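1. Below are the sequence and a predicted model for it; my questions follow.
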Amino acid sequence: MVTHTSARASRAARQIGDNLTLWRKLHNLTAAQIADRAGVSRTTLSKLEHGESGVSLGVVLEVLRALGQLDAVVKATDPYESDLGRVRAAQELPQRVRRRESI
């Protein structure tokens, strides 16, 4: 369990919260609607939208799903989507771990 959140991580949590709020508003959805679709309480959604870093990863993922952004976040964190990840995987990972190019 994290007992201290760095200033950089706190800023990122606030920015992500702001981004999620903006996505919700772009979809013309209320916080209650997103909370219901994500299966979380309105209070928990509010904590996430206000950048509180104690919200669980599961909640974040469900809210992203409810906003239609889950696949984009999964893709953004995939190392094979970066030049560095593809080059390093080809150089250093054993063949059984490497992802096939067709995937």
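-> Everything's here; your move.
2. okay, CA-based contacts and neighbour counts for the rest of this
-> Noted.
3. average pLDDT for stretch 29-38?
-> On average, the pLDDT along stretch 29-38 is 98.
4. where in this protein is pLDDT low?
-> Across the chain, the ranges flagged by pLDDT under 70 are 1-2, 92-103.
5. can you tell me how far the residue nearest the centre of it sits from V40?
-> Residue closest to the mean C-alpha point of the chain, counted by Cα atoms, centre = their mean, is V73 at 5.2 Å. V73 sits 19 Å away from V40, taking Cα to Cα, to the nearest Å as the criterion.
6. and S46, helix, strand or coil?
-> Secondary structure state of S46, per DSSP: H, G, I helix; E, B strand; the rest coil, is helix.
7. leaving aside the residues next to it on the chain, what's closest to T30?
-> Closest residue to T30 apart from its sequence neighbours, by Cα to Cα, 6 or more residues apart in numbering: R24 at 7.1 Å.
8. ok, that neighbour touching A31?
-> Yes. Counting by Cα atoms under 8 Å, A31 is a contact partner of R24 at 7.5 Å.
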